[in-house]
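S.K.: Predicted model and sequence follow; I will ask about them next.
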Amino acid sequence: MGGSQSACAELHPSQLRIPEPRFVLASDLDFTMVEHSDEKHSSLLAFNNTWISKFRNDSLLIFSTGRSPTLYWELQAAVPLLTPDILVCSVGTEIMHRNDDGFSPDKEWAAKLDDGWNRSVAMEMDKYFDALTLQKESELRPHKVSFNISVTGDEAEEVISDLRNRLSRRGMKAKVIYSGGADVDVLPEGAGKGKALEYLLEKLRTSNQFPPGGVQVNGDSGNDIELFQVPGVKGCMVANAHPELVEWVDENKTDEIFKATKNCAAGILEALHHFGSIPEPDKLSEVADFVLKTCCGSPSDLESAILDDFACIGADGKIHKGKAGVPKLYVSEELSWIDDLAIGRVGENFDLSFQSWRGCGNRTGMYVSGFIVPTEGGLRWKSMHMTSISVNE
């Protein structure tokens, strides 16, 4: 998985992986996409498979997280996350676009946030409030200063109100966001998850590339409220949402916001079905499902899906043929998933490439390319070529 940032300029919509997306999904990560209590990540893997099969070919995936880039890469290395097309970090203050070299920062967005922002003033605020403590250095970003708050309920609301007033008296154009019952973020007035998404969608709109299938946002806490306020989006509040988001959704009831009955990624899938966003199967989704079944299941799933003259260039660089060529190190009973599946047509056949990952934490991975042909008995693998990769590539 891509784990680097490129210094090149931000991408224009025409340079997106999907220049004219049918659909956009923007999601928070912790306790929205990722259910940390689920060691098997069953709901996240189910989302991954649905996205790869039904959406990746024509839609854009945006992750919008309160995490800094540093903490995002830590999470990506620890759980089976797909690699997004656009990454929004630090509560909407940093936007990064994926490209061939990794991710590049959106410098135009960063420049917009400079107006009226004084980071040094925000950094001083813990001196005036016993309940506020600055978070660790990685979470103190150019346009985000984060605090832990030691009180809750009405006491927390009083601290937040006093903090806003003090920043205003210092001439700061700032936004204060309280989320998860524990975090307080001070951002530029024009920042936030919602503002960042509005900025990205406006770029698509002005380029006549706005997704005809719409936009779905997903969240669980107070810093996700702005996502639900973006004009024209549909929203999913996962069942395990924090009280501040539940209260806001109850006060702003609309058919465009779905209250999921399931937690985290399972709730996101529930909402995709509810809003009718999952497209009908086509040939490319059939190929994607075939790849998922044969490459994320048991060795027998792959062995039964190869041609007699199947050949594989393994990670050892040697050519292996027939059933002996089925890559044993690649197919495993361990947690496994695929990312970045790209499918192309060659007449009636299909060439494809993807990343295969196995395990969490100290994971192993491979770049895989291959050739699939239709037969009377269904799709079959003709060939594979595999190269080992590390999590940092």
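M.R.: Sure thing, it's come through.
S.K.: What segments of this protein are helices?
M.R.: 42-54, 69-78, 107-112, 119-123, 153-169, 193-206, 225-229, 243-251, 264-274, 283-295, 299-303 (DSSP state H).
S.K.: Asp154: how many residues sit nearby?
M.R.: For Asp154, the count of nearby residues is 8 (other C-beta atoms under 10 Å). From N, CA and C alone the C-beta is placed, and that goes for glycine too.
S.K.: Low-confidence stretches in the stretch 1-150 of the chain?
M.R.: Regions of the stretch 1-150 of the chain meeting the criterion pLDDT under 70 cover residues 1-15.
S.K.: and the residue most central in space within the chain, what are its bridge partners?
M.R.: Central residue of the chain (C-alpha atoms, centre = their mean): Phe63, 3.4 Å from the mean position. As for beta bridges, Phe63 partners with Ser27, Leu87 under DSSP bridges.
S.K.: returning to that earlier point: I'd like the helices of the chain as CSV, with distance to Ala311 appended.
M.R.: Supplementary listing: those in CSV, determined by distance: least, C-beta to C-beta, whole Å:
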stretch, distance to Ala311
helix 42-54, 25
helix 69-78, 33
helix 107-112, 47
helix 119-123, 58
helix 153-169, 63
helix 193-206, 43
helix 225-229, 48
helix 243-251, 53
helix 264-274, 37
helix 283-295, 16
helix 299-303, 14
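S.K.: out of these, which comes closest to Ser369?
M.R.: In terms of C-beta to C-beta, the element of the helices of the chain nearest to Ser369 is helix 283-295, at 11.7 Å.
S.K.: Might one say that Arg141 is in contact with Thr93?
M.R.: Yes. The criterion here is C-beta atoms under 8 Å, and Arg141 meets it with Thr93 at 6.1 Å.
S.K.: Between the two, tell me which one has more neighbours.
M.R.: Thr93 (26 against 20).
S.K.: Any figure for the gap between Ser298 and Ser304?
M.R.: Distance check for Ser298 against Ser304: by C-beta to C-beta, to the nearest Å, it reads 10 Å.
S.K.: ditto for Tyr178
M.R.: Tyr178 is 54 Å from Ser304, by C-beta to C-beta.
S.K.: Looking at the two, which is more packed in?
M.R.: Tyr178 (21 against 13).
S.K.: Could you report the separation of that one from Leu163?
M.R.: Applying C-beta to C-beta to Tyr178 and Leu163 gives a distance of 9 Å.
S.K.: shared neighbours, those two?
M.R.: Val184 (C-beta atoms under 8 Å, 6 or more residues apart in numbering).
S.K.: hmm, who's touching stretch 236-250?
M.R.: Here stretch 236-250 has contacts from 31-32, 35, 178-181, 216-222, 224-225, 228, 257-264, 267-268, 270-271, using C-beta under 8 Å, 6+ apart.
S.K.: Ser53 against Leu292, yeah?
M.R.: Yes. Using C-beta under 8 Å, Ser53 makes contact with Leu292 at a distance of 6.6 Å.
S.K.: Surely Arg17 and Arg98 touch.
M.R.: Yes. With contacts counted by C-beta under 8 Å, Arg17 reaches Arg98, the gap being 7.0 Å.
S.K.: Would you work out how far apart the start and end of stretch 217-224 are?
M.R.: 9 Å (C-alpha to C-alpha, to the nearest Å).
S.K.: Show the end-to-end separation of stretch 212-230, please.
M.R.: 16 Å.
S.K.: Buried members of the contacts of stretch 236-250 into PyMOL, please.
M.R.: When burial is assessed using 16 or more other C-beta atoms under 10 Å, the buried subset of the contacts of stretch 236-250 is captured in PyMOL by this command:
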select buried, resi 31+32+35+178+179+180+216+217+218+219+220+221+222+224+225+228+257+258+259+260+262+263+264+267+268+270+271
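S.K.: re the thing from before, which residues sit in contact with the residue nearest to the centre of the chain?
M.R.: Ala26, Ser27, Asp28, Leu29, Met33, Tyr72, Leu81, Pro84, Ile86, Leu87, Val88.
S.K.: Run through the residues that contact Arg119.
M.R.: Pro142, His143, Val145.
S.K.: nearest to Ser277, of those residues?
M.R.: His143 (32.1 Å).
S.K.: quick one: low-confidence ranges for the stretch 151-300 of the chain?
M.R.: Checking the stretch 151-300 of the chain against pLDDT under 70 turns up nothing.
S.K.: about what we covered before: distance to Gln209 and neighbour count for the contacts of Arg119 - can I get that in CSV?
M.R.: Formatted as CSV, those follow (distance: C-beta to C-beta, whole Å; neighbours: other C-beta atoms under 10 Å):
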residue, distance to Gln209, neighbour count
Pro142, 29, 14
His143, 27, 22
Val145, 34, 23
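S.K.: Could I get the residues you listed in JSON lines, plus columns for distance to Gly314?
M.R.: Shown next, in JSON lines, are those (distance: C-beta to C-beta, whole Å):
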{"residue": "Pro142", "distance to Gly314": "45"}
{"residue": "His143", "distance to Gly314": "47"}
{"residue": "Val145", "distance to Gly314": "50"}
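S.K.: Distance from the chain centre to stretch 202-220, please.
M.R.: 15 Å (C-alpha atoms, centre = their mean, to the nearest Å).
S.K.: and what of stretch 163-176?
M.R.: 31 Å.
S.K.: what residues does it touch?
M.R.: Here stretch 163-176 has contacts from 115-118, 121-122, 125, 128-129, 132, 160, 184-192, using C-beta under 8 Å, 6+ apart.
S.K.: same question, stretch 314-323
M.R.: So stretch 314-323 is contacted by 303, 306, 308-313, 325-327, 329, 366, 386-388 (C-beta under 8 Å, 6+ apart).
S.K.: make it 10 Å
M.R.: 299, 302-304, 306-313, 325-330, 364, 366-368, 383-389 (C-beta atoms under 10 Å, 6 or more residues apart in numbering).
S.K.: From those residues, which land in strands?
M.R.: Among the contacts of stretch 314-323, DSSP state E puts 306-313, 364, 366-368, 383-389 in strands.
S.K.: And the strands in the stretch 1-150 of the chain, which stretches?
M.R.: Assigned by DSSP state E, counting those that start in this stretch, the stretch 1-150 of the chain shows strands spanning 23-27, 59-64, 86-89, 94-99, 102-105, 132-134, 145-149.
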